[in-house]
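Visitor: this is a predicted model, with the sequence first.
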Protein chains: 2
Amino acid sequence: MTQLTRTITEAYEHASFPIAGHGKRNIQVLKDALDAYDGDIHSDKYGEGSVIEPFQERMARLLGKPAAVFFPSGTMAQQIALRIWSDAAGTKKVAYHPLSHLELHEKDGVKELHRLEPVLIGDSTRPVELADLLQLEEDVACVLLELPQREIGGQLPAYEELVKMSAYCREKGIKLHLDGARLFECLPYYGKTAAEISELFDSVYVSFYKGLGGIAGAVLAGEPELTEPSKIWKRRHGGDLISLYPYILSAEYYMERRLPLMDRYRRDAQELAALFNECHAVSTLPVVPPTNMFHVRVGMPKERLGPVIVAVTEETGFGFTPYLREDKDGGCAFEISIGDRYAELPKDRLREAFRVLDRRLKASASDSFNL
Amino acid sequence: MTQLTRTITEAYEHASFPIAGHGKRNIQVLKDALDAYDGDIHSDKYGEGSVIEPFQERMARLLGKPAAVFFPSGTMAQQIALRIWSDAAGTKKVAYHPLSHLELHEKDGVKELHRLEPVLIGDSTRPVELADLLQLEEDVACVLLELPQREIGGQLPAYEELVKMSAYCREKGIKLHLDGARLFECLPYYGKTAAEISELFDSVYVSFYKGLGGIAGAVLAGEPELTEPSKIWKRRHGGDLISLYPYILSAEYYMERRLPLMDRYRRDAQELAALFNECHAVSTLPVVPPTNMFHVRVGMPKERLGPVIVAVTEETGFGFTPYLREDKDGGCAFEISIGDRYAELPKDRLREAFRVLDRRLKASASDSFNL
């Protein structure tokens, strides 16, 4: 299994035309960003200084909140937001989707470090809806919504649904937190500004290394009642580093370049998803992606799909994915996030590569049938 | 008061010859380190990859431990070490010096996040001794020793005392953790390798931005029983960043250059401390520094000393300190850590600057007397 994955990974790494992402995550990414800045610029120092403070203010303005605090990670920023809302409400209960980052990827930090009691809301196949909130018990301090919901292919609730959920939480005195790891990526779908979406939430986290392609880092924005204690908690978590500037400067650099491209990434994702959906046994989730990301699901086991993808990459030069994971019903899946690379692909050759993929998938399925 | 501090800070920043540190903490520090590495080098990814794993192995070897884990900060690494030892022992009690970093600079993270119950041991004017450990209750999971003890001028216990404390803790089943933020800085005093000192401890933290002058970052080293769960806790803390390479590469780069210079920094500190001790109303703590750092204490209020230092800097070009803090008995104090800069100072002019400082201190004291 490891052997197989390695082969797909290698094929992707050696592909002439990888289709997803911005480019390799090598250290040139940071060198390019730093080249844009004068060497005399002073490091930030434990959250203060000219590198961090004006950037936080700029992010606060962009998100339409009075204040923003830079964090090394979203894991840290979000746990802290939930802890602050929990302490303020005097209840340990916080609610989020069963496939949220906190539930899947944080080793239960929110429970182990903060003793919070997560309540999982909604159905794991769709985003949270107002109907899910109506079933919540009274003593929930905070609801966390992830826009887009990454683990289901980047699905988004309708704006009207968001407005209803926001109004309901305000009425009930429940704080509404936005896991906006990919907030900028979903603005074209909503046709709204970041501030217009953030307005529906009491606290907002955004990431700088998803669609923006920075090195790492996050911001938590809200009223001072949130941001001021968040700095104390950042210190407690060990995240108040003497210097965060490698993340801040790269965030600033790539945000400037890529924030205007989010609609292009989304349209590219829709075009690419259509190409996948034309292939035998392949479907994307969602069928028409509202953001720059989607999942590709293939109705064959990864042991069978792996060699097909490697062969198509070797024949056409296009890299589809560096990995496959098992999916339900014996199939497999992978995630695509569109970045800078897609626009530079030779489109004729890309379409030809998908014809090759389709043909090989059919052949593989037919072999399988004949076994 | 803010006005005064700003003036000293400005004088120091504009001084031709600042006497402490390696140089300005500007972003050139990172640019210089990155220039030494090829842009093609792949980023680490959530604790894995060729940037982080070989570096961790190298640090483990240097510290004579089976494994080491890179952390964004010592605050995070140390809380996690104490938590793991506490969980293993089944007791919440951990013991450290009343002026330890955990007690002074971490906003009680160890209590607020990990629910540990610190026991403060020893006298705040000297390092922890065996006699302090003998008074400990039985149910302490871990003792943390800081070498050198920064907040008392970088004092060190004798090696024999360390050996006794280590033997006692082993006998009692108490884990011994080394806060080695400045471990490399104290090796010349002990005449030992990092591994020889670390051998006395069950877990060891070292920092990369103190004497080594990196950007940020730390390593926690020990047996796998410590390091493996420390990775899980790193994730929980939000410190398992997708990319830590800005800190890792700069740590590697500056460690290579400055690890061999620790004895020079120490001798320079001793020379400089002697110059301070010749001045009126000035004494250093310790009188003869065992490492590259010491505190300077002046028997006059900061409101009086500030203008003296500014005047001496303006007259001589030498920057002594960017700040003053109030000290006991109405005096004031500041900290000196010797780095690359000291060796490049024109020594004749430095001695002359100290003669000017001495003269102006005497004049200021005499003015005060005449008031």
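Guide: Great, that's in hand. Numbering: from 1, shown residues only, chains lettered A, B, ... in the order given.
Visitor: helices along the stretch 101-250 of chain A, start to end?
Guide: Using DSSP state H, counting those that start in this stretch, the helices found in the stretch 101-250 of chain A span residues A:101-104, A:109-112, A:130-134, A:159-172, A:183-190, A:194-198, A:224-237, A:245-258.
Visitor: how about TSV for these, with distance to chain B, mean neighbour count and mean pLDDT added?
Guide: Every C-beta, even on glycine, is put in place using the N, C-alpha and C of the backbone. Listed next are the helices of the stretch 101-250 of chain A as TSV, based on distance: least, Cβ to the nearest Cβ, whole Å; neighbours: other Cβ atoms under 10 Å in any protein chain shown; pLDDT from 0 to 100:
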stretch	distance to chain B	mean neighbour count	mean pLDDT
helix A:101-104	11	18	98
helix A:109-112	3	21	98
helix A:130-134	27	16	98
helix A:159-172	25	16	98
helix A:183-190	17	22	98
helix A:194-198	21	20	98
helix A:224-237	3	21	98
helix A:245-258	4	23	98
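Visitor: among those, which comes closest to A:Val298?
Guide: For A:Val298, the closest of the helices of the stretch 101-250 of chain A is helix A:101-104, at 22.0 Å, according to Cβ to Cβ.
Visitor: quick revisit: closest to A:Val282 out of the helices of the stretch 101-250 of chain A?
Guide: Nearest of those (Cβ to Cβ): helix A:183-190, 22.9 Å.
Visitor: and whatever residue of the stretch 151-300 of chain A ends up closest to chain B, how many residues sit next to it?
Guide: As assessed by Cβ to the nearest Cβ, chain B sits closest to A:Gly238 within the stretch 151-300 of chain A, at 2.7 Å. A count of nearby residues for A:Gly238, using other Cβ atoms under 10 Å in any protein chain shown, gives 27.
Visitor: just the pLDDT for the residue lying closest to it once chain neighbours are set aside.
Guide: Nearest non-adjacent residue to A:Gly238, counting by Cβ to Cβ, 6 or more residues apart in numbering or on different chains: B:Met76, 2.7 Å away. The per-residue pLDDT reported for B:Met76 equals 98.
Visitor: pretty sure B:Met76 sits against B:Arg236.
Guide: No. With contact defined as Cβ atoms under 8 Å, B:Met76 does not count as touching B:Arg236 (10.0 Å).
Visitor: for A:Ala60, which residues are in contact?
Guide: A:Pro66, A:Ala67, A:Ala68, A:Ala221 (Cβ atoms under 8 Å, 6 or more residues apart in numbering or on different chains).
Visitor: host element of it?
Guide: helix A:53-63 (DSSP states H and E).
Visitor: and that helix, how far out from the chain's middle?
Guide: 21 Å (Cα atoms, centre = their mean, to the nearest Å).
Visitor: what average pLDDT does it get?
Guide: 98.
Visitor: C-terminal to that helix, what's the next element?
Guide: Following helix A:53-63 in sequence, per DSSP H and E, is strand A:67-71.
Visitor: which parts of the longest helix along chain A are buried?
Guide: When chain A is parsed with DSSP state H, its longest helix is helix A:347-370. Across helix A:347-370, burial judged by 16 or more other Cβ atoms under 10 Å in any protein chain shown covers A:Leu350, A:Ala353, A:Phe354, A:Val356, A:Leu357, A:Asp358, A:Arg360, A:Leu361, A:Ser364, A:Ala365.
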